[in-house]
Structure formats: C-alpha cells, structure tokens
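**Student:** Mind folding the following:
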Amino acid sequence: FPESAEQQQQEEKPSHHPDVPHPPIKKDPSHPLYDPHGYLHISNFSQKMKKNKIRQIFDKMPEIEVTDVETGEVKTEKLDPLDIDKQHRKKHVFFKFQSPHHATQAKRMLLATKPTYIIDFKRSRKWDPKIQKMRQERELKRIKRVNEGQEKRDIEDQVTPLAKKTYVEQLIWKQTEVGTSMEKHFGKKFYQKWITNTPFTEESSRTSGEGTHVPAYLKEYLDREVERTGDTMQDVATKPADTPSNVVDLDTSNHLTPEQRREVTQHATDVSKSLPYTYLPMVSSPQMYNYRNNCEFTCGKNENNEKTVGFLHGLFSEGHVTVASPANLKHIPLCSIEICERMDKLINESSLDCYEKMTHKGFWRIVKVRNNRDGDVILMVQVNPDHATSEQIEEAKKFIVEGFTSSDDWHSSASQFTIKGVLWQEYNGVSNSAPEDCPVSCLHGEEHIYETVLGKRFRVSIKSFFQVNTLGAEKLYSIAMQWAAQNCEDALLLDVCCGTGTIGIIMSSQVKQVVGLEINADAVQDAHKNAELNKVTNIEFALGKAEETIADVVAKYRSQFKNIVAIVDPPRAGLHPRVLRTLLATTAIEWIVYVSCKPGTLANDTATLCLPPNRKLRSRLDTGEEVPMPFRVIQQVSVDMFPHTKHCENVMLLRRCEGGSFISREPYMDLYNRRIRGK
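**Tutor:** You can find the predicted model right below:
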C-alpha cells in the first residue's frame, strides 16, 4: 500500500506522463549490451506530421541543463536527436538522443504541445544492440564466405571486364548497351507520359473533352510506327527534317581498320532504328592502354592476410574486403603501378596496420595518384588518425616523404615521371571517400599539376574533377564544341555545372560570351584562376544554385544576345529536377548540348526536357500567355573514354520545338497498348 498521498498520486499517473522519470538503464559499460543512449518512439502520428516538422519542434525547444556525474559540472545542451528512423507506412518514428535524460526532457516538451499521437521510450530494432550484434555476426560470416568461396572474381574481370574482347567487340557491346538503356528509360517514360497526357486541343482546352493528346510534331513518326511491325518499342519524337548534317570524321584514331569502322557504323545504324533520332557511330579512344591519369589504390590485406596496396576484388557492399595488385590491368599507367608497388613496400616496412572497414581499425587507408602527359605526378596518402599516436603520425609523414623522394632507384627505366608533390590527409570516417571539406596538407613539393587540353592549360589538384582520359577528353570536348559552336552564332553559351570551368574556357574562342554556373565556391575560385591562366576575358562565373542563377543570367544578357545555348556536364546522378524545369521554362534557351557519363540518367533527364507542357502551362494559352515548348533530340554520339570497361561518355544535341498545336491520341492507342501495355 502507498505510504503517503504523494506516493498514491504518483502511482496513479499513466506511464506516458511527463513527470514519470525514465526507467533506469544498466550502468555497467563492460556489459556487451550496454547502451547509454535515450530513445523516443512516436506512434500513430499523421502522415502530415513529417519527420522534419517534428524536428522543427526540437529546434524551437530551449536548452536543458545537464549535470556531469563525475565532475558535478552543470552545462546546457541542445535537444538535438543523434539519429532518426522513420517508418511512414507503419506510422512510426524513432529518435535517438545523447542520454535517457535528453529523451525524457524531449518527451515532456512534446507532450506540452498536446499532440494526437502516442509517445513512449521504445527504440527501433535498427538500434537494438542484440539485433546489431546478430547482424554483425551474420555479415562477418557472409564476408568470409564471399572472400574464400567461388564468388570472388579475378581483379581483371572486376575492374576491366571487357579487356578480353577485341576493340571492335567492345565498341559494339557499348553501343548496344547505350541503345538499350535509351530505349528502356528514355522511350518508355516519354511514350507513357505523352500518350496518357491530359486532353488538350485549342477547341477542347475550354471544354472537358475525353481522350489524351500528343504534340503535333509526333504525328509523322507515330503514323510510321503504326504501320511498322517491329518488335522493339518506339516512342517520342520524329526525326526532324532540319537535322544538322552528321559530323564527319569524328573518329581519327588508327585502332580500327576501314572494315572494322564500317562494322561499327552499320551496328550504330541498326541501333538508331530503335530510336527516334540519329545515333552516330561510337568514337574510339585515341589511347587504349595506360590512359588513366587519376588512380586511387586501397591499402588492405590480400588473400594470404598480407599487407597489399591495389584494388578490391569487388564492391565492399557485396562483402569483398581483400585487395589485389593492379600490375596486370591494361588501363593503369606505369607510373601509377610503380607508385602503388612502392607504397606496398613502405607499408610492409611500417609497424602500423592497414585500415579495415569492418572493425574500423588500422592506419593506412588509400593512396591517390594523379599524373599528366608531361610525366608530372602528385600523390596523396590518406590515413586514419584514431589508431595512432601523434608521434607515430609524425614519424609516418617523414617515412612517406623519404620513401618517395629520397631517391629514384625504385623507378624503372621505362617510366619517366617526376613526383611534384606528396600530400597527406587524415580521415576517421567509415568509408574511404572523405568529404570535400576534409583538409589536405602538403608534405613535400606542390599541391597541383598542370594539364593541357585543346591548347588550354588547366591547374589540376588532387581532389578536383578532371577527365581521367586526357586524349579522350579532347575528342569529347571537340564534339561538344562543334555541336554548340554551329548554333552559337550571336548567342550566349551557358556552362551549367561548370566545375573548374574546363568546357567554358575551351569553348570561349568559339563564342562571344560564356557564363559558367557552379554551386561549389572552391570550384569557382579554381575556374577564375584557370581563366586567368589562359588569358580568357569573355567568360564569367556565377556562384549559386543553377535553378536560381539561370534566371539572373538570362535577364542580364537577354537584350544582348538573340539566342542562348546551354551545355551541361553533370555528375553521374544527373541534373536536379529543379534545374531541368528551369531549363525547360527558360524560353530563351533554344539549344542544349548534354554531356553525360551514364545513359540511364541521360535518358531520364532528356525525357523531362522533351515532355509536352503540363496542365498548368497549357491553361495559360487561354489567356494568351507564352507557353514554353519542350525540346526534341536531334542526335547523339558515344565516346569511348574508358576502354576495356563497360562505361562511356555520351553527347546529345537537343533543340526547342516550335509551335503549340496538339493532336488526338485515339489513332495511336493501338500502338500504345501493343508496345507499352503488352496487349
């Protein structure tokens, strides 16, 4: 029985009452399941109560006072969750805090808002120590099975899977993959959204007619497709009558005989039949072997548990942790291989161990090498400082500098290169990919080298983006420059995602004005330095998001230039949807040259650019407003920038459509049902 009225009142309080203290946790740190954190579980919350809205409540909460048990010091801390696990389908969200005290205070403050959801102190299975331990044991067993079993592949098959094919077979294989990817992503997205679009004609725009409509410029192509009985799915736009003449003599390399070039050309023609635009034959790389100017080697253990520097046998996500030497790979230059072998010897002489991702222990992580065509080399060594003392780190720095610069005895006579700089990076994250703001210090020499592309000289640092195949980059940029320059007469060139300004500076001699758009401040600084280095005066750079800076640049130069040509070279993830919508809505942009290293993202982005106006834009026609018309693809060409691998670069030319008439979809529903829905 309760001894007092206060105790009776305390027992009558529900378990979720804010005055009820958090149940005590085990304080024994030696316990295998000891967990000092505090957790909050919010259940039955509305879909409108998103994770960010709940976090906004935490941001508005005042700081709480926390007393240190050991020192007795009182300090204030912010109620900021360490981690969040959301399960919107089950209407649950879990918050992880620094301590149970933080979780209790957060619960009290949330209950003060009189919510409609339920709060308790449960934690997600994601943070359960028992489940974490079981998952770790299961993962270790899987990794052991992967690295010791038959799933492990040869390093050559992993890094250069096409090396055993002839070069003609490589080009044909890549052309097939590009065509299939464009047909799958680009075609299906276009066709589904165009054919199933909201009905619109000039007459039915004021009434609610039935059926959907497609742009009028598709009529010729779709009529031809209705009569055709091919097996491959066709879609999108007709080949326009004003297609620019195909680029002649794109491939000037001597790797292919005339018969082999005709074979590649014929295959490209066959691929082009399954696409609604011209697909030109793939351009081969001027350099097939030892072409990579940027290599990153991992420090780890080989099959015999010995220290090794090289490449992983496979992806770490697949469980591969063993490392193999890159000596037999065809695309690695001799200078990088010798530096890799030298680093291998140095870490075996060192008492410090290599870093292991599974245990997060070890010191040596990676060595990154960059070189130019003149034989200048800079290298960076990345280490984990958490498993070494300050004295050991300083000794390791001196050890690395002396190992690479004290003598040239470890150079072979065939490799003629000079180490211009030795850099050092300390990073304690799980992955070897350090963030952009992770500092890099120079231990010896210079922090950068210089490379020349199409007569322009560029400064290349260890972390800056630069094409890994310099001679192939000249071929790639020549095509992009030719396609942009033929439409840049009295026009402004917008270099979207310009990075360090490589494309814009190269094309500055072909146009009157270039404006580069970049969100990274460090890249913009490097772009200004590269422009000064090449004495280019007709280029400027705008710092900020592309979707925000495009409008300002167009407003500034709209009266000076009749047309605007945009050239985009985004990362593998492609352009942000907001950037795509901005390019589509900016009617002053008539031409787009899209440079991409991934056909899938190229297809998705061009699909967005070529879709017809949506319902909101079409409704403006009733008021006489200008509606931005979509783009249509004119032609595409692939450039083999990465021989012996499955990757290639692509250049696509797009032009904005003219006119705003639309036609009914009924005559083409049979084509839609047969190709898309499989009826």
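**Student:** Buried residues, stretch 259-269. List them.
**Tutor:** Burial within stretch 259-269, assessed by neighbour count using 16 or more other Cβ atoms under 10 Å, is assigned to Gln260, Arg261, Glu263, Val264, His267, Ala268. C-beta coordinates here come from the backbone N, C-alpha and C atoms, glycine included.
**Student:** shouldn't the third one be in contact with Thr166?
**Tutor:** When you say that, I think you mean Glu263. No. Using Cβ atoms under 8 Å, Glu263 makes no contact with Thr166, being 10.9 Å away.
**Student:** Tell me the one among the buried residues of stretch 259-269 nearest to Ser415.
**Tutor:** Gln260 (31.2 Å; Cβ to Cβ).
**Student:** Mind telling me what element the closest residue to that closest one other than its chain neighbours is part of?
**Tutor:** In this structure, Gln260 finds its nearest non-sequential neighbour in Val168, 4.8 Å apart by Cβ to Cβ, 6 or more residues apart in numbering. Using DSSP states H and E, Val168 falls within helix 167-181.
**Student:** do Val323 as well
**Tutor:** Val323 belongs to strand 323-324, assigned by DSSP H and E.
**Student:** Repeat that for Asn530.
**Tutor:** Counting by DSSP H and E, Asn530 is part of helix 521-533.
**Student:** Against which helices or strands is that helix packed?
**Tutor:** Judged by 3 or more Cβ pairs under 8 Å, 6 or more residues apart in numbering; DSSP states H and E, the packing partners of helix 521-533 are strand 456-461, helix 502-507, strand 513-518, strand 539-543.
**Student:** Could I get the ones you listed in TSV, plus columns for mean neighbour count?
**Tutor:** Output for those, formatted as TSV (neighbours: other Cβ atoms under 10 Å):
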stretch	mean neighbour count
strand 456-461	19
helix 502-507	26
strand 513-518	25
strand 539-543	19
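**Student:** Kindly provide the distance from His463 to Glu341.
**Tutor:** I think there's a mix-up here, since residue 463 is Lys and not His. 24 Å (Cβ to Cβ, to the nearest Å).
**Student:** Distance to Arg581 for the helices and strands packed on helix 521-533 - can I get that in JSON lines?
**Tutor:** Shown next, in JSON lines, are the helices and strands packed on helix 521-533 (distance: least, Cβ to Cβ, whole Å):
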{"stretch": "strand 456-461", "distance to Arg581": "32"}
{"stretch": "helix 502-507", "distance to Arg581": "23"}
{"stretch": "strand 513-518", "distance to Arg581": "15"}
{"stretch": "strand 539-543", "distance to Arg581": "19"}
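**Student:** Can you point out the buried residues in stretch 637-649?
**Tutor:** Val637, Ser638, Val639, Asp640, Met641, Phe642, Pro643, His644, Thr645, Cys648, Glu649.
**Student:** now do the same end-to-end measure for that stretch.
**Tutor:** With Cα to Cα, to the nearest Å as the measure, stretch 637-649 spans 9 Å from end to end.
**Student:** One more: stretch 415-430?
**Tutor:** 35 Å.
**Student:** Buried residues, that stretch. List them.
**Tutor:** Phe417, Ile419, Lys420, Gly421, Val422, Leu423, Trp424, Gln425, Glu426, Tyr427.
**Student:** How far does that stretch sit from its chain's centre?
**Tutor:** 24 Å (Cα atoms, centre = their mean, to the nearest Å).
**Student:** For it, the averaged confidence score.
**Tutor:** For stretch 415-430, the mean pLDDT works out to 89.
**Student:** and what of stretch 294-304?
**Tutor:** 89.
**Student:** Quick check: pLDDT value at Lys90.
**Tutor:** For Lys90, pLDDT reads 64.
**Student:** Would you enumerate the residues in contact with Thr452?
**Tutor:** Applying Cβ atoms under 8 Å, 6 or more residues apart in numbering to Thr452 gives the contacts Arg373, Phe458.
**Student:** re earlier: pull the most distant pair out of the buried residues of stretch 637-649.
**Tutor:** Those two in these that are separated most widely, counting by Cβ to Cβ, are Val637 and His644, at 20.3 Å.
**Student:** ok so, going back, let's have the buried residues of stretch 415-430 in JSON lines, adding distance to Ile449 and secondary structure.
**Tutor:** Output for the buried residues of stretch 415-430, formatted as JSON lines (distance: Cβ to Cβ, whole Å; DSSP: H, G, I helix; E, B strand; the rest coil):
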{"residue": "Phe417", "distance to Ile449": "11", "secondary structure": "coil"}
{"residue": "Ile419", "distance to Ile449": "10", "secondary structure": "strand"}
{"residue": "Lys420", "distance to Ile449": "6", "secondary structure": "strand"}
{"residue": "Gly421", "distance to Ile449": "8", "secondary structure": "strand"}
{"residue": "Val422", "distance to Ile449": "13", "secondary structure": "strand"}
{"residue": "Leu423", "distance to Ile449": "12", "secondary structure": "strand"}
{"residue": "Trp424", "distance to Ile449": "17", "secondary structure": "strand"}
{"residue": "Gln425", "distance to Ile449": "17", "secondary structure": "strand"}
{"residue": "Glu426", "distance to Ile449": "23", "secondary structure": "strand"}
{"residue": "Tyr427", "distance to Ile449": "23", "secondary structure": "coil"}
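**Student:** Now flag whichever of these is closest to Lys141.
**Tutor:** Tyr427 (28.8 Å).
**Student:** show me what contacts that closest one?
**Tutor:** Arg365, Gln382, Val383, Asn384, Ala434, Cys438.
**Student:** Equivalent analysis for Ser272, please.
**Tutor:** Gly179, Thr278, Tyr279 are the contacts of Ser272 under Cβ under 8 Å, 6+ apart.
**Student:** Figure out the helix or strand that it lives in.
**Tutor:** Short version: Ser272 belongs to helix 258-273, going by DSSP H and E.
**Student:** Hey, what's the angle from that helix to helix 167-181? Just curious.
**Tutor:** Per axes from the mean of the first three to the mean of the last three Cα atoms, to 10 degrees, the angle that helix 258-273 makes with helix 167-181 is 10 degrees.
**Student:** tell me the average confidence for helix 258-273?
**Tutor:** 87.
**Student:** start at 37 instead
**Tutor:** Sounds good: first residue 37 from here, last item helix 294-309.
**Student:** Quick one: distance of that helix to the chain centre.
**Tutor:** 31 Å.
**Student:** Restricting to C-alpha, output the next helix or strand after that helix in PDB.
**Tutor:** Next in sequence after helix 294-309, counting helices and strands by DSSP H and E, comes strand 314-319. These are the backbone C-alpha positions of strand 314-319, laid out as PDB (Å, rounded to 0.1, in the frame of the first residue of the first chain):
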ATOM      1  CA  THR A 314      20.100   9.900 -85.200                       C
ATOM      2  CA  TYR A 315      22.600   7.800 -83.200                       C
ATOM      3  CA  LEU A 316      26.100   8.300 -84.600                       C
ATOM      4  CA  PRO A 317      28.800   5.600 -84.600                       C
ATOM      5  CA  MET A 318      30.900   5.500 -81.400                       C
ATOM      6  CA  VAL A 319      34.100   7.400 -81.400                       C
END
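**Student:** so what does strand 314-319 touch, helix or strand wise?
**Tutor:** Applying 3+ Cβ pairs under 8 Å, 6+ apart, we find strand 314-319 packed against helix 203-217, helix 294-309, strand 667-675.
**Student:** Would you mind giving those as a markdown table with distance to Tyr513 added?
**Tutor:** Below are the helices and strands packed on strand 314-319 laid out as a markdown table (distance: least, Cβ to Cβ, whole Å):
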| stretch | distance to Tyr513 |
| --- | --- |
| helix 203-217 | 19 |
| helix 294-309 | 21 |
| strand 667-675 | 10 |
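**Student:** Figure out which of these is closest to Ser135.
**Tutor:** helix 203-217 (50.3 Å).
**Student:** so the closest one versus strand 667-675, what angle?
**Tutor:** 160 degrees.
**Student:** need the helices for the stretch 87-236 of the chain, in chain order.
**Tutor:** 87-96, 136-147, 165-184, 191-195, 203-217, 224-231 (DSSP state H, counting those that start in this stretch).
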